[in-house]
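Visitor: 3D, please:
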Amino acid sequence: MLEEATILETLEVFTPWGVKIGDISGLEIDSESAEIENILIQETNERLVEGGASILIPYRWVQAVGDIVILKHFPQDLPIPAPENLGINEYY
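Guide: Next comes the predicted model:
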C-alpha cells in the first residue's frame, strides 16, 4: 500500500462525472494496517466545495488510479459546505 501512496501524491482527483475536485496534497494512513484511509485535497474546486475549503475524501470512494484519480462516489448536493459552516474547524 505504501507504493500506491507514493503514486498518489499530487495526482488530480475527479468526480465520477468528470469534474476536477483538486490535487491530492496529503494522505491519511492507518498506522497499524499501513492502508490509506483518506486523501486530503486542499484548494478544492469552489463549484464543488464552498470557498475551496480543504476536504478529506475516504479512500474507499476511489474508483481508479492512473494518471489521475477518479472517484466512484462524490456528493451531488453542491457546493459542499465549508468545514466552519459544519461546526468543524478542519477535516484533518
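Visitor: hang on, S25 packs against N38?
Guide: No - using C-beta atoms under 8 Å, S25 is not in contact with N38, being 11.8 Å away. For glycine as for every other residue, the C-beta is placed from the backbone atoms N, C-alpha and C.
Visitor: So for the two, which sits in the more crowded spot?
Guide: Taking neighbours as other C-beta atoms under 10 Å, S25 and N38 compare with N38 leading, 19 against 14.
Visitor: Surely the more buried one is within a helix?
Guide: No - assigned with DSSP: H, G, I helix; E, B strand; the rest coil, N38 falls outside any helix and is strand.
Visitor: Just want the most central residue of the chain.
Guide: In the chain, the centroid-proximal residue (C-alpha atoms, centre = their mean) is I57; its distance is 3.7 Å.
Visitor: Report the beta-bridge partners for that one.
Guide: Bridge pairing for I57 (DSSP bridges) gives the partners I39.
Visitor: hang on, isn't it packed against F14?
Guide: No - counting by C-beta under 8 Å, F14 is not a contact partner of I57; they are 11.3 Å apart.
Visitor: Overlap of the contact sets of the two?
Guide: 21, 71 (C-beta atoms under 8 Å, 6 or more residues apart in numbering).
Visitor: mind checking the end-to-end distance for stretch 33-50?
Guide: 33 Å (C-alpha to C-alpha, to the nearest Å).
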